[in-house]
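Q: Predicted model and sequence follow; I will ask about them next.
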Amino acid sequence: MLRTTITGSLPKPSWLAEPERLWAPWRVPAERLAEAQRDAVLVALKEQEAAGIDIVTDGEQSRQHFVHGFLERLEGVDVGRRVTIGIRADRYRAEVPTVTGPIARPRPIHLDEVRWARAHTDRPLKFTIPGPMTIVDTLADEHYRDRARLAMAFARVINEEARELVAAGLDVLQLDEPAFNVYLDEVASWGVEALHAAIDGLRCTTAVHICYGYGIPANVEWKQTLGGEWRQYERIFPVLAGSRIGQVSVECAGSRVPLDLLGLLAGKDVLVGVVDVATSSVETPEQVAATIREAQRWVEPARLFPCTNCGMVPLARKTARAKLAALGAGAQLARKDLAG
Ligand code: ZN
């Protein structure tokens, strides 16, 4: 009960990439990069295990960006043809690649990474892939010219990829869909349908992560416009509760999400964000345990997985390490209550 996990990413060691930066450039020459990334995965696994994290990830050590790491190896996406557009309903501007033809996956994308991580931990392994709606929202499209159709094209290649990852021993496939918190109507009209296509036939646990973004200034400013209570989840949780996705990962720590909304996810595992990634101040185990106890009012302990709010890649390494430790220790405190 109260098994812990993280959203996905951890900071990269400073010998691998420039620290405390999103999309940080690699510091290792191309011919030695894969080996260095593998070393970093070992460190990421070890740090999670030491902190008492039950369901571990590779820390996303082998990709520069959570969306583009997947797109780089697909056909139909011209990563060299970048344009600057407003993304997440124009919340911020980003340089994105262009879809110029039919989306196809000529070869596996993350298979080597999953095999490597699988071979080096005995714990359940989770791997994250960007969800179809979030991919579509992080691209310029000159071919499909229809967001729902483009999303289904990505869902198909995600599914091809995921089947191979599961065959390699993956336990949990998580699709990251921060765009679900922005395009609330589209979640019901095609977002969940695209998720279903992405997880079709998978013999593993499936999860979707929906947050309010990394702690970058554009997101912090956006959050300030959302009012005293953030009720986006109220619109999308009922749709997700009726979906075939097994787990929903949400942001709860230090946010203005009313926790009673978790009650709308009845029947799902809920990965409750009990560690804030938008601040460098480190939670105490008692604070983590308090958020877990509060969430337990709406989610039964067997379905409650204490987690981080979002990826920790932009944080300082020592901060992320301390937050991991607080997550593990806080969950341990909350488990003692249950036992006692
Ligand atoms: Zn997130």
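A: Thanks, I have the structure now.

Q: can you tell me which residues contact residue 47?
A: With Cβ atoms under 8 Å, 6 or more residues apart in numbering as the criterion, the residues that contact residue 47 are 10, 59, 321, 324. The C-beta positions use only the backbone N, C-alpha and C, and glycine is treated the same way.

Q: now do residue 249
A: Counting by Cβ under 8 Å, 6+ apart, residue 249 has contacts 7, 174, 207, 208, 209, 210, 211, 270, 271, 273, 307.

Q: do residue 81 as well
A: Residue 81 makes contact with 97, 98, 100 under the criterion Cβ under 8 Å, 6+ apart.

Q: From the residues you listed, list just the buried residues.
A: Under a neighbour-count criterion of 16 or more other Cβ atoms under 10 Å, the subset of the contacts of residue 81 counted as buried comprises 97, 98.

Q: Among the contacts of residue 81, name the ones in strands.
A: 97, 98, 100 (DSSP state E).

Q: Among those residues, which one lies nearest to the ion?
A: Proximity of the ones in strands among the contacts of residue 81 to the ion, judged by Cβ to the ion, is greatest for residue 97, which lies at 20.8 Å.

Q: re the thing from before, lowest-confidence one in the contacts of residue 249?
A: Within the contacts of residue 249, pLDDT reaches its minimum at residue 211, with 92.

Q: count of residues packed around that residue?
A: When neighbours are counted by other Cβ atoms under 10 Å, residue 211 registers 24.

Q: what does the one 5 residues further on give?
A: The local packing of residue 216 (other Cβ under 10 Å) involves 13 other residues.

Q: Same check on the one 4 residues further on?
A: Applying the criterion other Cβ under 10 Å, we find 14 residues in the vicinity of residue 220.

Q: quick one: it and residue 276 touch, right?
A: No. Residue 220 sits out of contact with residue 276 when judged by Cβ atoms under 8 Å, with a separation of 11.4 Å.

Q: what is residue 175 paired to in the beta sheet?
A: Partner residues in beta bridges with residue 175: residue 129, residue 208, with DSSP bridges as the criterion.

Q: and it, what does it touch?
A: For residue 175, the set of contacting residues under the criterion of Cβ under 8 Å, 6+ apart consists of 128-132, 158, 195, 198-199, 206-209.

Q: cool, residue 187 as well?
A: Residues in contact with residue 187 (Cβ under 8 Å, 6+ apart) are 133, 180, 235, 236, 239, 240.

Q: from those residues, which is closest to the ion?
A: Among the contacts of residue 187, residue 180 lies closest to the ion (Cβ to the ion), at 10.6 Å.

Q: Look at the residue nearest to residue 203 when sequence neighbours are not counted and say how many residues are nearby.
A: What sits nearest to residue 203 in space, not counting adjacent residues and going by Cβ to Cβ, 6 or more residues apart in numbering, is residue 166, at 5.8 Å. By other Cβ under 10 Å, the residues close to residue 166 number 20.

Q: What parts of the protein come near the ion?
A: Counting by Cβ under 5 Å from the ion, the positions of the chain adjacent to the ion are 211, 310.

Q: Highest neighbour count among the contacts of residue 47?
A: Neighbours here mean other Cβ under 10 Å. Within the contacts of residue 47, the largest count is held by residue 10, at 29 neighbours.

Q: I'd say that residue and residue 62 touch.
A: No. With contact defined as Cβ under 8 Å, residue 10 and residue 62 do not form a contacting pair (12.0 Å).

Q: By mean pLDDT, flag the weakest helix or strand of the chain.
A: helix 217-224 (a mean of 84; mean pLDDT, DSSP states H and E).

Q: Report the buried residues of that helix.
A: Across helix 217-224, burial judged by 16+ other Cβ under 10 Å covers 219, 222, 223.

Q: next one: stretch 64-72
A: Of all the residues in stretch 64-72, those buried under the rule 16+ other Cβ under 10 Å are 64, 65, 66, 67, 68, 69, 70, 71.

Q: ok, now stretch 280-295?
A: Applying a neighbour-count criterion of 16+ other Cβ under 10 Å, one finds 280, 282, 283, 285, 287, 288, 289, 290, 291, 292, 295 buried in stretch 280-295.

Q: Stretch 255-264 now?
A: Residues of stretch 255-264 classed as buried: 255, 257, 259, 261, 262, 264 (neighbour count, 16+ other Cβ under 10 Å).

Q: What are the boundaries of the strands in the stretch 101-250 of the chain?
A: Chain-ordered strands for the stretch 101-250 of the chain, with DSSP state E, counting those that start in this stretch as the definition, fall at 126-130, 140-141, 172-176, 205-210, 247-251.

Q: Can I get the ones in strands among the contacts of residue 81 in CSV including pLDDT?
A: Written out in CSV, the entries for the ones in strands among the contacts of residue 81 read as follows (pLDDT from 0 to 100):
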residue, pLDDT
97, 94
98, 96
100, 97
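
Q: And those residues, which is closest to residue 76?
A: residue 100 (6.7 Å; Cβ to Cβ).

Q: Count the neighbours of whatever residue of the stretch 51-200 of the chain ends up closest to the ion for me.
A: When scored by Cβ to the ion, the stretch 51-200 of the chain has residue 178 as its residue closest to the ion, at 5.2 Å. Residue 178 is surrounded by 24 other residues when neighbours are defined as other Cβ under 10 Å.
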